[in-house]
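Colleague: Dropping the sequence and predicted coords here.
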Amino acid sequence: MRLRSIELEMPDRNAAVRFLKETWGLLDAGSGNGASYLRGTEDIPYVVSVAEAGEPAVAAVTFSGSKPELERIRKRASAAGAPLGPVRDFDEPGGGSGYFLEGPEGHVFRFVTERKRVKKLRPDRDRPLQVTHVVLNARDREACTRFAVDVLGFRLSDRTGFMNFVRCDRVHHALAYAQSDNSLLNHIAFEMTDIDAVMRGIGTPEDWKWPPGRNDHWGISTRNSAAISQAERRFGFRPLVAA
Ligand SMILES: [Fe+2]
C-alpha cells in the first residue's frame, strides 16, 4: 500500500494547473472527464489531479494497493459502519478499480488497484518525484488515528504534541493528523530528489504566492520534501456520497 495521489477541486483549474507546473515543476499527465492530471518523475501515473468546481476542495486522498489489501480494508470499513462507496472502475491515468471511503471527520480516502504504471523519468532536482505525505487537520486526532489503524490497517509511527504520524509502507508517514479546530487539509508534501532541491525551492519565496493578489500562502518543509499548504479554510473535503 502506498500514498499515490491527491484529487483537488479548484475554482480556476487552469490557473491551478499552471501553478503546479510552472512553480512546482509537476508534469502534464493528460486530461479527461473534466480534470487535469499531473505527475512527478516516479513511475506513478499521476500524483495530483485538478478539477474545476465552485469551491476549493479535496475530492480524495488516494492510496494504491493490491486487490487483497483493498478487500481487507473494505471489510473492516463495512464492519465499522464507515461511509463506503461502491467498487468501481476509474477512468484516469493508470486506470484500475477501487472505492471511496470516508473517515470520522469527513476526510475522504480512495483506494485503487492500478492497472498500469508509467515509465520512470530521469530525476530532476526542480521536479517532485511523488507525493510523500498528506497532513489533515482533525478536531479529534486520536479518533482519526484509531480509524487509520483499525480500519485502514495503517501503523502509528510517531506523535508530537499536536500531530500523529501514520504509515502504510516503509515511509515514516504517508498521513498525519494535526490537532485543530477544523477538519480541513493542512498540507500536501512532495518528495524531492535531495535536500538541495528543497533548499532551492525555499530560495524563491515570491513564487509561492498564488493565486496572484490573494493572501494565501504556500509553504515548504525539509527532509527532502516540499509541501503545499494554503490558508486552511480554503480546502475542505467534499463529502463522500455513498451510493
Ligand atoms: Fe509535512
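Modeller: Ah, there it is.

Colleague: Any idea which helix or strand in this protein has the lowest mean pLDDT?
Modeller: strand 225-228 (a mean of 52; mean pLDDT, DSSP states H and E).

Colleague: Show residues contacting the very next helix or strand once past that strand.
Modeller: Helices and strands here follow DSSP states H and E; after strand 225-228, the next one along the chain is strand 236-237. The contact list for strand 236-237 (C-beta atoms under 8 Å, 6 or more residues apart in numbering) reads 55-58, 106-108, 183-185. Every residue, glycine included, has its C-beta placed from N, CA and C.

Colleague: Counting residues, which helix of the chain comes out longest?
Modeller: helix 67-80 (DSSP state H).

Colleague: what packs against that one?
Modeller: Secondary structure elements in contact with helix 67-80, counted by 3 or more C-beta pairs under 8 Å, 6 or more residues apart in numbering; DSSP states H and E, are strand 97-102, strand 108-113, helix 141-150.

Colleague: Alpha carbons only: can I get that helix in CSV?
Modeller: Output of helix 67-80 as CSV, limited to C-alpha atoms (Å, rounded to 0.1, in the frame of the first residue of the first chain):
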residue,chain,number,x,y,z
LYS,A,67,-6.7,-6.3,-4.5
PRO,A,68,-6.4,-8.4,-1.3
GLU,A,69,-5.3,-5.2,0.6
LEU,A,70,-8.3,-3.3,-0.7
GLU,A,71,-10.6,-6.2,0.2
ARG,A,72,-9.4,-6.3,3.8
ILE,A,73,-9.9,-2.5,4.2
ARG,A,74,-13.3,-2.7,2.7
LYS,A,75,-14.3,-5.5,5.0
ARG,A,76,-13.2,-3.6,8.1
ALA,A,77,-14.8,-0.3,6.9
SER,A,78,-18.1,-2.1,6.4
ALA,A,79,-17.9,-3.7,9.8
ALA,A,80,-17.1,-0.3,11.4
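
Colleague: That helix versus helix 141-150: what angle between them?
Modeller: 130 degrees (axes from the mean of the first three to the mean of the last three C-alpha atoms, to 10 degrees).

Colleague: Go through helix 67-80 and flag the buried ones.
Modeller: Residues 69-70, 73-74, 76-77 are the ones in helix 67-80 that count as buried (16 or more other C-beta atoms under 10 Å).

Colleague: re earlier: could I get the helices and strands packed on helix 67-80 as a markdown table with mean pLDDT, distance to the ion and mean neighbour count?
Modeller: Converted to a markdown table, these look like this (pLDDT from 0 to 100; distance: least, C-beta to the ion, whole Å; neighbours: other C-beta atoms under 10 Å):
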| stretch | mean pLDDT | distance to the ion | mean neighbour count |
| --- | --- | --- | --- |
| strand 97-102 | 97 | 23 | 21 |
| strand 108-113 | 98 | 18 | 22 |
| helix 141-150 | 98 | 15 | 19 |
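
Colleague: And these: which comes nearest residue 16?
Modeller: Closest to residue 16 of the helices and strands packed on helix 67-80, according to C-beta to C-beta: strand 108-113, at 18.8 Å.

Colleague: In this structure, what residue lies closest to the ion?
Modeller: residue 189 (4.3 Å; C-beta to the ion).

Colleague: What's the local residue count around that residue?
Modeller: Per other C-beta atoms under 10 Å, the neighbour tally for residue 189 reads 24.

Colleague: if I read this right, it contacts residue 129, doesn't it?
Modeller: No. Judged on C-beta atoms under 8 Å, residue 189 makes no contact with residue 129 at a distance of 11.4 Å.

Colleague: which residues does the residue lying closest to residue 95 once chain neighbours are set aside contact?
Modeller: Among residues not flanking residue 95 along the chain, residue 115 sits closest, at 4.2 Å (C-beta to C-beta, 6 or more residues apart in numbering). Neighbour list for residue 115: 94-96 [criterion: C-beta under 8 Å, 6+ apart].
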